[in-house]
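Novice: here are the coordinates; sequence isn't available:
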């Protein structure tokens with residue numbers, strides 16, 4: 001049902017995309033958060049969602065029936081309100097999440113230090129990344145010195161204090177964000193909001209944590225971030241070489 005082309009005027013958040021949630025989620029908390037899957041829009045930022053009790057009815061009915069629709073009593077919300085409701089109702093094993101982050105940091109930290117040292121990253125004057133080739137190039141005196149293969153993990157916005165996964169960012173090319181979608185799939189298996197939600201309230205540290213998860217998944221050799229006018233773009237380095 002979700003259609004990102006339709007918008008709603010919210011008294012709290014202004015004009016945002018319309019979303020659909022069961023009544024129980026809108027009114028409650030810690031009720032579980034079950035996501036619909038739309039094959040025509042797999043990267044939907046705010047897919048339709050319902051609580052655990054609704055999910056039981058859906059299973060019993062074998063699909064979306066009149067009985068389920070009456071029980072769910074679907075409500076329309078703006079996308080920002082949707083995120084608030086999701087955060088209030090999502091239930092997960094926090095130990096699984098923290099173990100994943102710890103193991104990811106432990107994996108990438110020594111590799112990243114070796115990458116910085118071997119390619120003298122801090123000594124180059126300039127960096128440039130290119131979406132069309134998925135390359136990060138470090139230059140000195142106007143000449144390329146190091147070329148790295150990259151995959152974007154996501155972006156952190158300092159204006160909204162939110163993390164956005166690369167897979168949901170329409171301004172990024174598929175060639176640099178496809179791997180981030182694999183982390184979403186991992187999150188679905190583990191039931192972890194931070195890996196599944198396309199955007200959520202965060203800090204710069206969250207950006208490094210999610211980037212480290214992607215780095216471990218891709219067996220990366222390093223991580224990096226570049227500044228923008230309103231935040232940072234985070235990425236992993238999968239391969240590097242001297243070109244100068």
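Specialist: Yep, that arrived. All values derive from a computational prediction rather than experimental measurement.
Novice: Grab the longest strand from this protein for me.
Specialist: Assignment by DSSP state E gives strand 143-157 as the longest strand of the chain.
Novice: List of residues touching the helix or strand just after that one?
Specialist: Tracing the chain past strand 143-157, the next element assigned as helix or strand by DSSP states H and E is strand 162-165. With contacts defined as Cβ atoms under 8 Å, 6 or more residues apart in numbering, strand 162-165 is touched by 153-157, 180, 183-184, 197-202, 206-207, 210. From N, CA and C alone the C-beta is placed, and that goes for glycine too.
Novice: gap between strand 162-165 and the chain center?
Specialist: Computed by Cα atoms, centre = their mean, to the nearest Å, the chain-centroid distance of strand 162-165 equals 6 Å.
Novice: who does that strand pair up with?
Specialist: According to DSSP bridges, strand 162-165 has the following sheet partners: strand 143-157 (antiparallel), strand 199-201 (antiparallel).
Novice: which of the residues in the longest strand of the chain are buried?
Specialist: By neighbour count on 16 or more other Cβ atoms under 10 Å, the buried set for strand 143-157 is 144-156.
Novice: Just the closest of the residues you listed to residue 229, please.
Specialist: Of all the buried residues of strand 143-157, residue 155 has the smallest distance to residue 229: 11.6 Å, by Cβ to Cβ.
Novice: Wait, that closest one touches residue 233, no?
Specialist: Yes - contact criterion Cβ atoms under 8 Å: residue 155 and residue 233 qualify, at 5.2 Å.
Novice: Sketch out the low-pLDDT regions of this protein for me.
Specialist: In the predicted model of the chain, residues 1-5 satisfy pLDDT under 70.
Novice: now the helices for it?
Specialist: Along the chain, counting by DSSP state H, helices occupy 23-27, 52-61, 66-72, 79-89, 94-118, 174-190, 193-196, 204-217.
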